[in-house]
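Asks: A structural model of the following input is requested.
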Amino acid sequence: MARIRKNEVSGIALLLFVICFVVGVAVSQAVHNPAPALSGALVGFYFLFAIKVVRQWEKVAVLRLGRYVGLRGPGLCHIIPVIETLSPYVDQRVRVASVSAESTLTRDTVPVNVDAIVFWMVWNAAP
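Replies: Okay, here's the model as predicted:
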């Protein structure tokens, strides 16, 4: 089942944000100018929103201005924050859905309870 992970920030993106900000502040202190700290924060914010992590069992479609660009598999995924968006993540693990027991009659009017379990998974997530 597809699900949306909107507000989830990856740890790698957070680490890059902190590194860019700290380097910007250090350079700003060295040259006594606030511009490097500001630019470090802006680059850090870009990385914060541009780097996404797709889990091992998931795939995601990248949409550029609403048009399908490609399918990204497990690992790091880089997007252009304002222009590109990610579709809901598609889980490719084997899923189980149980079907409740149904009571029915056979041809010779014998009552039978039918119970089932359905196994399914997504093979191709591309639209």
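Asks: how far is stretch 108-127 from where the chain is centred?
Replies: The chain centre lies 28 Å from the centre of stretch 108-127; the measure is C-alpha atoms, centre = their mean, to the nearest Å.
Asks: so which bits of that stretch are buried?
Replies: Buried residues in stretch 108-127, counted by 16 or more other C-beta atoms under 10 Å: Ala125. (C-beta placed from N, C-alpha, C; glycine too.)
Asks: am I right that Tyr68 falls within a strand?
Replies: Yes. Residue state for Tyr68 (DSSP: H, G, I helix; E, B strand; the rest coil) corresponds to a strand.
Asks: and it, bridged to which residues?
Replies: Counting by DSSP bridges, Tyr68 is bridged to Leu63.
Asks: what's the neighbour count on it?
Replies: Number of residues near Tyr68 (other C-beta atoms under 10 Å) recorded here: 12.
Asks: that one contacts Thr85, correct?
Replies: No. Assessed by C-beta atoms under 8 Å, Tyr68 is found out of contact with Thr85, at 11.1 Å.
Asks: now name the helix or strand holding Phe119.
Replies: Assessed by DSSP states H and E, Phe119 sits inside strand 111-120.
Asks: what strands flank that strand, and is each parallel or antiparallel?
Replies: strand 95-105 (antiparallel).
Asks: residues in contact with the partner strand?
Replies: Residues external to strand 95-105 that are found in contact with it (C-beta atoms under 8 Å, 6 or more residues apart in numbering): 1, 111-121.
Asks: now the residues you listed in TSV, with distance to His78 and pLDDT?
Replies: Below are the contacts of strand 95-105 laid out as TSV (distance: C-beta to C-beta, whole Å; pLDDT from 0 to 100):
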residue	distance to His78	pLDDT
Met1	26	48
Pro111	60	89
Val112	56	89
Asn113	53	87
Val114	50	85
Asp115	47	85
Ala116	43	84
Ile117	40	85
Val118	37	86
Phe119	34	84
Trp120	31	75
Met121	27	77
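Asks: by mean pLDDT, flag the weakest helix or strand of this protein.
Replies: strand 90-91 (a mean of 79; mean pLDDT, DSSP states H and E).
Asks: which regions of this protein sit below the pLDDT cut-off?
Replies: The model of the chain has pLDDT under 70 over residues 1-7, 127.
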